[in-house]
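In: how would this look folded up:
(one chain, ligands or ions: 1)
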Amino acid sequence: MKETTAPLNLAGVGIGPFNLSLAALLAPLTQVNSCFFDRRPAFAWHPGMMLPGTRMQTSFLKDMVTPVDPTSPYSFLAYLVAHGRFYRFLHAEFPRVRRAEFADYLRWVAEQLPNLAFNQDVAGIDFDQHGFLLKFNNDYAVRSANLVIGTGVAPYIPTWAQIHMGSRCLHSSHYMITDHQLQDRRVVIIGGGQSGAEIFLDVLSEAHGKPKEIIWISRRPNLEPLDETAFTNEYFTPDYVKNFHRQPDSRRDRIVRTQTLAGDGASPQTLIEISQYLYENDFLRHKDSNHQYRIMTNREVRRMTRNSTDWQLHMHNRFDESDESVSADVVILATGYRQAVPDCLAPLTGRFERDSENNIVLTKDYQALWDGPAIHRIYMMNAGLRTHGIADPQLSLAAWRAAVIVNSLLDQKIYCTDPAPSPLYWSEASNGYDEENHATPSTFSACAGRE
Ligand SMILES: Cc1cc2nc3c(=O)[nH]c(=O)nc-3n(C[C@H](O)[C@H](O)[C@H](O)COP(=O)(O)OP(=O)(O)OC[C@H]3O[C@@H](n4cnc5c(N)ncnc54)[C@H](O)[C@@H]3O)c2cc1C
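Out: Numbers count the residues shown, from 1 in each chain. Coordinates of the predicted model:
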């Protein structure tokens, strides 16, 4: 195994939006020698779910840098200006940017950054007295003093579906990158969140042929909207995350369970689009061209069996407590994602501190607690649902979290990470007063950008 470059201060594994944000915030800092690695040949953001017409669930201002450094050349506004479409964008008054445009912005940021390397699959990470050694599956290795893991979350495949996976039983993350023909087939979509809703609309659009029947199954009691209202958005703020992290492990878990619809429902616009489509389908379209569909909420799929030609999905109806089954030629699992420690960390896996649910414990500055020397740190992105709350898997605080990590890595306040507190009084112990920065709502002065 050949060691390639000079040792790094920070090596990043994975280049999704979260490590991309960190790479962008590190780019102007000459004191850090960093490099981020991704197994893909070039930057791509959820290519399997890049459905036509889909929109972002977050504001374009929550980009890779703006919340902590609006002067950065890697902002969404800088992207618009660089492409000469600032005024046109403004005049078009998009309520939410299209996902394809945001993905193109992310790709544009990635193309400009000097500290990214693609086609680099990190196969294993060892540790010795000189620090971490990242081994790639091409016989090369890179040494680094610190690590940041940004490998994302893993598609969740229910146990009953696992033996059936293939080109006709697929997870939503593969929807647009699997060659599937739906003409005259019975298509079953499982999962009532945003991905399920988008795929339902896409199947109705006949982009892959006109199905014989479309069945959309959800365990939820109804097609439930994502809560995007003002005070729910306070969960996606630095102030809330700091308060949340101070709570004990058992309480945090309980809190997260009550907040599902703040981060995991179908967007209200998508639900209206579906409702309007179905109205036109049922009353305005000619009988020969309309779709046969069933939306089955409150159903929990418990088993999936295979006949010679199709599948049977066996479900429990939680509304009337009956057992039911449907037949399918194609099954699409919009069953979400789960946190997962990447395989490349296997050599270190026994060295992490775990909580009662076996999750790696993260400090407030996103370091994984481990038994190695404190000067060698392992930061983790998208692994803190239980420690930092429901904002953790979302883009809302991506730039803020990256800024917290920069400050922690350099043991210096490079970026200001203490915006004004929430108007909600989360806890008597801490609300309205940040003990680290002595900022109160009345004494708080605007802080943005590098200090
Ligand atoms: C379809 C979809 C739409 C979403 N839309 C929104 C939205 O509008 N707003 C919002 O706030 N959130 C949204 N999210 C949630 C969240 O923002 C995204 O999931 C985001 O991509 C998470 O970023 P990440 O950096 O953790 O991981 P990912 O984007 O999954 O990137 C991880 C990267 O790591 C690489 N990798 C993995 N293992 C290795 C290895 N061993 N070696 C090298 N590279 C490796 C992968 O190739 C991949 O490129 C969406 C999620 C999905 C699925």
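
In: all contacts plus neighbour counts: C-alpha atoms, from now on.
Out: Will do.

In: Find the residue closest to Asp253 in space, skipping its chain neighbours.
Out: Arg386 (6.0 Å; C-alpha to C-alpha, 6 or more residues apart in numbering).

In: does that neighbour sit in a helix, a strand or a coil?
Out: helix (DSSP: H, G, I helix; E, B strand; the rest coil).

In: Surely it is in contact with Val256?
Out: Yes: at 7.4 Å, Arg386 counts as touching Val256 under the criterion of C-alpha atoms under 8 Å.

In: which of these two has more neighbours?
Out: Comparing Arg386 with Val256 by other C-alpha atoms under 10 Å, the one with more neighbours is Arg386, at 24 against 17.

In: Report the contact partners of the residue nearest the centre of the chain.
Out: Taking C-alpha atoms, centre = their mean, the centroid of the chain lies closest to Pro393, which sits 4.6 Å from it. The contact partners of Pro393, taken as C-alpha atoms under 8 Å, 6 or more residues apart in numbering, are Asn382, Ala383, Gly384, Leu385.

In: Same question for Leu385.
Out: So Leu385 contacts Val256, Ala391, Asp392, Pro393 (C-alpha under 8 Å, 6+ apart).

In: switch to 6 Å and redo it
Out: Asp392 (C-alpha atoms under 6 Å, 6 or more residues apart in numbering).

In: What separation is there between it and Gln194?
Out: 19 Å (C-alpha to C-alpha, to the nearest Å).

In: next one: Ser408
Out: On the measure of C-alpha to C-alpha, Ser408 and Gln194 end up 35 Å apart.

In: Which of the three states applies to Ala374?
Out: coil.

In: pLDDT at it, what is it?
Out: pLDDT recorded at Ala374 is 95.

In: How many residues are close by it?
Out: Ala374: 9 neighbours (other C-alpha under 10 Å).

In: quick revisit: of the contacts of Pro393, which ones also sit close to the ligand?
Out: Asn382 (C-alpha under 6 Å from any ligand atom).

In: Which of the contacts of Pro393 has the largest number of neighbours?
Out: Ala383 (26 neighbours).

In: any chance you could read off phi and psi for Pro347?
Out: Per-residue torsions, Pro347: phi -60, psi -20 (degrees, to the nearest 10).

In: need the contact list for Ala365.
Out: To be clear, residue 365 is Asp; Ala isn't right here. Val404.

In: For the chain, which residues are neighbours of the ligand?
Out: Near the ligand, when you scan the chain using C-alpha under 6 Å from any ligand atom, you find 13-19, 37-40, 45-46, 49, 56-58, 120-123, 150-153, 344, 382, 393-396.

In: Mark which of the residues you listed are buried, thanks.
Out: 13-19, 37-39, 45, 49, 56-57, 120-123, 150-153, 344, 382, 393, 395-396 (16 or more other C-alpha atoms under 10 Å).
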